[in-house]
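1. Pasting a predicted model and its sequence here:
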Amino acid sequence: GNSVTQMEGPVTLSEEAFLTINCTYTATGYPSLFWYVQYPGEGLQLLLKATKADDKGSNKGFEATYRKETTSFHLEKGSVQVSDSAVYFCALMRRQNQGAQKLVFGQGTRLTINP
Amino acid sequence: DSGVTQTPKHLITATGQRVTLRCSPRSGDLSVYWYQQSLDQGLQFLIQYYNGEERAKGNILERFSAQQFPDLHSELNLSSLELGDSALYFCASSYPSGGTGNTIYFGEGSWLTVV
């Protein structure tokens, strides 16, 4: 079946550090891949997405590249800020029959950035 | 602001009771999704509706039911509540694009506490 595995958290970094959150997936066919972010006390927000192999999604300084050969979609940011502290979810979407669609999420990685 | 509106934001109720969570999708979106976020299970897909019809079903308990109305808003009904039903319930919506590149937008969630 379809599944997403993220690196376990929590992750604690200092401001301006380089961030990588690993995400690998298992899926048949060609899913779309997403990163969502959940800031404290808020809902899920789409951070970036990629719909086919070698696509790079980017937003707010974050990047992730769809790697089909390694079935990965690792999230990176060159210089993190305190305001990036949140829980990050990797997810895949694979379209099913009759237009059914669902996102399959990883377990989430809690990121804390210290000043 | 994603444009997806959920009410109520917080709800406390007793075991055995029934509650209804309401969701208004983004303007123009035809699909509505319900997800449950709990500490031990992570983000779990419950159900999807498209233009009033059920399209996909996930890990939704028989005590739970949902529907999408002609004006496209949706309700999730939770009955015979148990302590373990305490969770954050997300509604999400999307406009079908015909492919897996669809972006699903999430509301801020409804916090349900069962005591």
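-> Nice, I can see it.
2. Does the helix or strand of chain A with the lowest mean pLDDT reach chain B?
-> Within chain A, no helix or strand scores below strand A:103-105, which has a mean of 90 by mean pLDDT, DSSP states H and E. Yes: for strand A:103-105, a contact with chain B is found by C-beta under 8 Å from any C-beta of the partner chain, at A:Leu103, A:Val104, A:Phe105. The C-beta positions use only the backbone N, C-alpha and C, and glycine is treated the same way.
3. Chain B: which of the residues you listed is nearest?
-> Checking those against chain B by C-beta to the nearest C-beta gives A:Phe105 as the nearest, at 4.1 Å.
4. which parts of stretch B:33-48 are buried?
-> Buried residues in stretch B:33-48, counted by 16 or more other C-beta atoms under 10 Å in any protein chain shown: B:Tyr33, B:Trp34, B:Tyr35, B:Gln36, B:Gln37, B:Leu43, B:Gln44, B:Phe45, B:Leu46, B:Ile47, B:Gln48.
5. low pLDDT regions in chain B?
-> Counting by pLDDT under 70, chain B shows low-confidence ranges at B:96-101.
6. interface residues of it facing chain A?
-> Close to chain A, as judged by C-beta under 8 Å from any C-beta, chain B has residues B:2, B:31, B:33, B:35, B:42-43, B:45, B:48, B:50, B:55-56, B:58, B:90, B:92, B:94, B:96, B:99-109.
7. Do I have it right that A:Asp84 meets A:Thr109?
-> No: with contact defined as C-beta atoms under 8 Å, A:Asp84 does not count as touching A:Thr109 (12.0 Å).
8. now the strands: where do they sit in chain B?
-> B:5-7, B:10-13, B:19-24, B:31-38, B:42-50, B:53-57, B:64-68, B:74-78, B:87-94, B:105-106, B:110-114 (DSSP state E).
9. who touches B:Arg22 in this structure?
-> B:Gln6, B:Thr7, B:Pro8, B:His73, B:Ser74, B:Glu75 (C-beta atoms under 8 Å, 6 or more residues apart in numbering or on different chains).
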